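> 3D model of this:
(chains A and B)
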Amino acid sequence: MKFVDEFRAADKAQDYADAIAAKTTRDWSIMEVCGGQTHAIVKYGIDALLPDAITLIHGPGCPVCVTAADIIDTAIAIVAMPGVIFCSFGDMARVPSTHGSLLEAKAAGGDLRLVYSPIEALQIARENPQKEVVFFAVGFETTAPATAMAAYRAKQEGLKNFSMLVSHVLVPPAIEALMRTPACRVDGFLAAGHVCTIMGWHEYQPLADQYGVPIIVTGFEPVDILQGIYMCVSQLEEGRTALENQYSRVVRPQGNVAAQEMVWRVFEVAAQEWRGIGVIPKSGLQLREAFEDFDAERRFTISHRPTSDNGACISGEILQGLKKPMDCPAFGKRCTPMSPLGATMVSSEGACAAYYQFRRDDDVDERQN
Amino acid sequence: MAHGAGGRLSDQLITGLFRQCFDDVELARGHDGAVLALEHEGTNPGKLAFTTDSYVVNPLFFPGGDIGSLAVFGTANDLAMCGARPLFLSVAFILEEGLEMAILARVVQSMAAAAKQASIRIVTGDTKVVERGHGDGIFISTSGCGLVPDDRQVGPENIAPGDAILVNGDIGRHGIAVMASRQGLSFETPLESDCAPLVDAVEALFDAELSVHCMRDMTRGGLASTVVEIAERAGMDAELEEADIPVSDSVRGACEILGFDPLYVANEGRFALYVPETDTEAALAILRKHHPQARRVGKVLGLGKGRVGMRSLIGGIRPVDMLVGDQLPRIC
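Here you go, the predicted model:
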């Protein structure tokens, strides 16, 4: 069995779409949390397969999109410093902030290296002892274990020239913050499959109980998402509010215990600012005291210039599922992947980028012309 | 960097600056090479195809090729894509101070072998050396020329509604092989670039007297960018079938892990071929003699704004466009 092909089969997708239509007797709004799921929904046209009564709302699960502008500004300030090698994931490098993007800082002479993992950044630090190497540690719980491992190894090896600019975010507090928003209309959630692969699903049970919403841990292929929606709609129609696991071929209830242990060895929970949303308590990670030597914000003195976000950008409302990209007057006009106003148009997991790439139609092109 | 990636920003730079300033009718055609009618004292010797390219690949040596073979095949292929029989190549080296002679020798020997394979002669050249730190080891710039027989008209302007879009083999090998080599990534099944000369396959198509409307090798930007560019130049809409696009398991696996779309990954031995639907089977039979994975992947719809759509695996059509710059791997 090739896991990818089975979960992209057209006939299975249609079977689930039919089953959802047969089950649905009233309007339901379901939020998929993860940007990777948003991308798949838009790319494969999954929403078009669903009955009109089902509305899919795109959630804040795009790590690049929710990274606060002022930490990107800090990153840009560090990359410009002499003697620094700044390592970042590629997607992060294009995001516009108050003073341009990391890629623009690179074009201006900063030593920016695009890496696939923090372990690569560690290797760069070992190979360049005379330089200060900084890793931009962003992402949800999925990427936190690798970042933790990098800090752990750096400490073990006594590396003096390695530090991290940390901006990790946690999903469950974001879901809770959304549920507390008065404008929130979400009836059920598709939880992020890869986050749960690491963290397990125990954190979601209290949310399901307290807010009375079904939560389905869901994968990323079209049939995964349709199956997740079917499970969610079934619960809603039957008046149940339980936690279920659609992504059972990958996610175990306890998650990846070794990964979790590494995360909690190095990090502790802290308040975190989410770009476009605001500060959510206990929703981010910061380095524990034992690892604070590896905190780039302590190691470098940055004079903080005022941060500002583009006033025309409504990413915050999009990330909270209150608006869709086409609701934005700048979408496809002033704001395109070539000239993005905000992070959701830059990241491959951003809703605006997904809609622009896969949903552009005559309407958008009219507005462009 | 995005201006060199073969996507929208590259396109903007070429259309908005270079074409405007240089202001030449042949340049405006926007094909892989210029096809120039030659006239001398009243006689008409035919059409000259003239093309240029630069090679800046890193690492210099990768599974399936090196910067030298890439340079020779790439330029010879651009000539073949114009319908030309490749004739002559010029090679200009920009070498970085400190480059080992043994490395240069390896590259040059590879170029000699590639030139024989591609039936092209290296007839002139130049060498410059830049200071350490000002180059990536070796940069190679080439120009190539060939002769286009009078009865051949190949280019986006010749495409007709209903034309079939074919590819001569599975896509995505080169880009993934180079990236894997650069990043030190290794896969269970070793990935090799598809870097190869296309002239034999192209000449076989003409020998069979098929109506070759357009050809283009699918280099930076991949199959998707190639088809979009041709659609825009031709002013015709086109449609691809995702299920019919050949991608090897190894390339697919690597793309899945890294979050790349094979449609946008560079190829160096693959081209898109536009022929009337009635010539499809004959063309595939010829292409499959060189590569068994040759496939019909789509068709030209008709006059339009140059939009390309793709029918996805689960049904439904989604737009296909050029990317802004390079593909970047996903985070989580």
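> ok, the residue of the stretch 51-200 of chain B found nearest chain A - contacts?
Per CB to the nearest CB, the residue of the stretch 51-200 of chain B with the smallest distance to chain A is residue B:183, at 6.7 Å. In short, each C-beta sits where N, CA and C put it, glycine included. Residue B:183 sits next to residue A:116 when contact means CB atoms under 8 Å, 6 or more residues apart in numbering or on different chains.
> Thought residue B:13 was touching residue B:325, still the case?
No - no contact is recorded between residue B:325 and residue B:13 when judged using CB atoms under 8 Å, the distance being 11.4 Å.
> per-domain residue ranges of chain B.
Taking automatic domain parsing as the reference, chain B has its domains at B:31-148, B:156-320.
> from those domains, which stretch is densest packed?
Across the domains of chain B, averaging neighbours per residue (mean count of other CB atoms under 10 Å in any protein chain shown) puts domain B:156-320 on top, at a mean of 20.
> How far does that one sit from its chain's centre?
Once both centres are worked out by CA atoms, centre = their mean, to the nearest Å, domain B:156-320 turns out to sit 10 Å from its chain's centre.
> Endpoint to endpoint, that domain covers what distance?
Between the opening and closing residues of domain B:156-320 there is a gap of 18 Å (CA to CA, to the nearest Å).
> Assign a three-state SS to residue A:283, would you?
strand (DSSP: H, G, I helix; E, B strand; the rest coil).
> remind me, longest helix of chain A?
For chain A, the helix reaching the highest residue count under DSSP state H is reported as helix A:222-238.
> for it, packing partners?
The helices and strands touching helix A:222-238, judged by 3 or more CB pairs under 8 Å, 6 or more residues apart in numbering or on different chains; DSSP states H and E, are helix A:10-23, strand A:28-34, helix A:35-44, helix A:46-49, strand A:54-61, strand A:188-192, strand A:215-218.
> could the ones you listed go into CSV alongside mean neighbour count and mean pLDDT?
CSV is the format used below for the helices and strands packed on helix A:222-238 (neighbours: other CB atoms under 10 Å in any protein chain shown; pLDDT from 0 to 100):
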stretch, mean neighbour count, mean pLDDT
helix A:10-23, 17, 94
strand A:28-34, 25, 94
helix A:35-44, 24, 88
helix A:46-49, 18, 87
strand A:54-61, 25, 91
strand A:188-192, 28, 95
strand A:215-218, 28, 96
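> can you put these in JSON lines and add distance to chain B?
Formatted as JSON lines, the helices and strands packed on helix A:222-238 follow (distance: least, CB to the nearest CB, whole Å):
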{"stretch": "helix A:10-23", "distance to chain B": "4"}
{"stretch": "strand A:28-34", "distance to chain B": "8"}
{"stretch": "helix A:35-44", "distance to chain B": "5"}
{"stretch": "helix A:46-49", "distance to chain B": "6"}
{"stretch": "strand A:54-61", "distance to chain B": "9"}
{"stretch": "strand A:188-192", "distance to chain B": "9"}
{"stretch": "strand A:215-218", "distance to chain B": "15"}
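> Can you tell me which residues in the stretch 51-200 of chain B are near chain A?
With CB under 8 Å from any CB of the partner chain as the criterion, the stretch 51-200 of chain B meets chain A at residues residue B:183.
> Run the angle between the longest helix of chain A and strand A:28-34 for me.
Interaxial angle, helix A:222-238 versus strand A:28-34 (axes from the mean of the first three to the mean of the last three CA atoms, to 10 degrees): 140 degrees.
> Quick check: which helices or strands does the helix or strand following helix A:222-238 pack against?
Sequence-wise, the next helix or strand beyond helix A:222-238 is strand A:243-245, with elements assigned using DSSP states H and E. When contacts are defined as 3+ CB pairs under 8 Å, 6+ apart, strand A:243-245 packs onto helix A:204-211, strand A:215-218.
> Specify the beta-bridge partners of the spatially closest residue to residue B:121 that is not a sequence neighbour.
For residue B:121, the nearest residue in space outside its immediate sequence neighbours is residue B:88; the separation is 5.4 Å by CB to CB, 6 or more residues apart in numbering or on different chains. For residue B:88, the beta-bridge assignment (DSSP bridges) gives partners residue B:121, residue B:145.
> And the domains of chain B: which comes nearest residue A:19?
With CB to CB as the criterion, residue A:19 lies closest to domain B:156-320 of these, at 14.9 Å.
> average pLDDT for the closest one?
Here domain B:156-320 scores 93 as its mean pLDDT.
> For my notes, confirm residue B:239 occurs in a strand.
Yes - checked against three-state DSSP, residue B:239 lies within a strand.
> give the contact list for it.
With CB under 8 Å, 6+ apart, residue B:239 has these contacts: B:298, B:299, B:301, B:308, B:309, B:310, B:311, B:317.
> Let me have the residues you listed in TSV, adding distance to residue A:228 and secondary structure as columns.
As requested, the contacts of residue B:239 are arranged in TSV below (distance: CB to CB, whole Å; DSSP: H, G, I helix; E, B strand; the rest coil):
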residue	distance to residue A:228	secondary structure
B:298	32	strand
B:299	35	strand
B:301	35	strand
B:308	31	strand
B:309	27	strand
B:310	25	strand
B:311	24	strand
B:317	24	strand
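> now, which of the residues you listed sits nearest residue B:96?
Distance to residue B:96, by CB to CB, is smallest for residue B:308 among the contacts of residue B:239, at 40.0 Å.
> ok, now how distant is that closest one from residue B:5?
18 Å (CB to CB, to the nearest Å).
> can you check residue B:67 too?
With distances taken as CB to CB, residue B:67 is found 18 Å from residue B:5.
> Quick check: buried residues in the longest helix of chain A?
For helix A:222-238, burial by neighbour count (16 or more other CB atoms under 10 Å in any protein chain shown) applies to A:222-236.
> roughly how far out does that helix sit from the chain middle?
Centroid separation between helix A:222-238 and its chain, computed with CA atoms, centre = their mean, is 22 Å.
> That one vs helix A:35-44, what angle?
Using the same axes, to 10 degrees, helix A:222-238 lies at 100 degrees relative to helix A:35-44.
> Which residue comes closest to residue A:172 once chain neighbours are left out?
According to CB to CB, 6+ apart, the nearest residue to residue A:172 is residue A:203 (4.5 Å).
> Next: residue A:278.
Counting by CB to CB, 6+ apart, residue A:316 is the residue found nearest to residue A:278 once chain neighbours are left out, at 8.0 Å.
> hang on, that neighbour is in a strand, isn't it?
No - the assignment for residue A:316 by three-state DSSP gives helix, which leaves it out of any strand.
> From the structure, what's the count of residues near it?
Around residue A:316 there are 20 other residues, counting by other CB atoms under 10 Å in any protein chain shown.
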